[in-house]
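Student: Just a sequence and a predicted model for now, questions to come.
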Amino acid sequence: MGLQNTNERYGSLSIGLHWFMLLLLIAVYACIELREFYPKGSDPREALKTWHFMLGLTVFVLVWVRIFAKISAPIPRITPEPATWQNFLAKSVHLALYLLMIALPMLGWLLLSAAGKPIPFFDLELPALIAKNKEVADQIKEIHETGGTIGYFLIALHASAALFHHYVVRDNTLLRILPKRK
């Protein structure tokens, strides 16, 4: 399998990024959900929040690589071709997922900035994007959390559609993005 996409299937770059980013998104969500098991201010809770921030920013970096890979190579055909409404819905969900992978990390960065907290990114501390402002931080937090909830539903819809196409419609939608078996 080549690095680049073909008209028949995604290349190893797209496949690797797709599945790696799924693992990253699982880790991002797990970190923020698991923090609830620890008391506020405790070391494990703070560590999970820090990992949530860093992994979220990693998603932000990698989504641009995915976008570049997506626009610079062909999108493999689905055979048999789905109905027009299915193509529209698929493109809409993909667009929404990409927007969330850009917007949620940016909102997280803005949230930490407005809260006056450090913005960790592994061995770096990123600069604040805006001045400290509690009211703005509260508003951004609300938007960020709502976007995160929407993300759960979009990811579930995306995965359900892939499984529906594979097991019910029996087209090659899912096979195009799976690593090739020998």
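Tutor: Received it, and whenever you're ready, just let me know what you need.
Student: and stretch 161-178, how far apart are its ends?
Tutor: Chord length of stretch 161-178, first to last residue, is 15 Å (C-alpha to C-alpha, to the nearest Å).
Student: where do the strands sit along this structure?
Tutor: Assigned by DSSP state E, the chain shows strands spanning 119-121, 124-126.
Student: Mind listing the strands the last one pairs with, and their directions?
Tutor: Going back to what we said before, that points to strand 124-126. Looking at strand 124-126 with DSSP bridges, its paired strands and their directions are strand 119-121 (antiparallel).
Student: tell me the mean pLDDT over the strand it pairs with?
Tutor: Averaging pLDDT along strand 119-121 gives 96.
Student: just how off-centre is that strand within its chain?
Tutor: With C-alpha atoms, centre = their mean, to the nearest Å as the basis, strand 119-121 stands 18 Å off its chain's centre.
Student: Name the residues that touch that strand?
Tutor: Defining contact as C-beta atoms under 8 Å, 6 or more residues apart in numbering, one finds that strand 119-121 is touched by 50, 53-54, 57, 109, 112-113, 125-128. Where C-beta positions appear, they are placed from N, C-alpha and C, glycine not excepted.
Student: Now with 6 Å, please.
Tutor: For strand 119-121, contacts defined as C-beta atoms under 6 Å, 6 or more residues apart in numbering pick out 50, 53-54, 57, 109, 112, 126.
Student: how far away is the spatially most central residue of the chain from residue 33?
Tutor: In the chain, the residue lying closest to the centroid (C-alpha atoms, centre = their mean) is residue 101, at 4.3 Å. The gap separating residue 101 from residue 33 is 18 Å, by C-beta to C-beta, to the nearest Å.
Student: before we move on, back to that, specify the stretch among the strands of the chain that is closest to residue 180.
Tutor: Among those, strand 119-121 comes nearest to residue 180, with 34.0 Å by C-beta to C-beta.
Student: buried sites along that closest one?
Tutor: Residues of strand 119-121 classed as buried: 119-121 (neighbour count, 16 or more other C-beta atoms under 10 Å).
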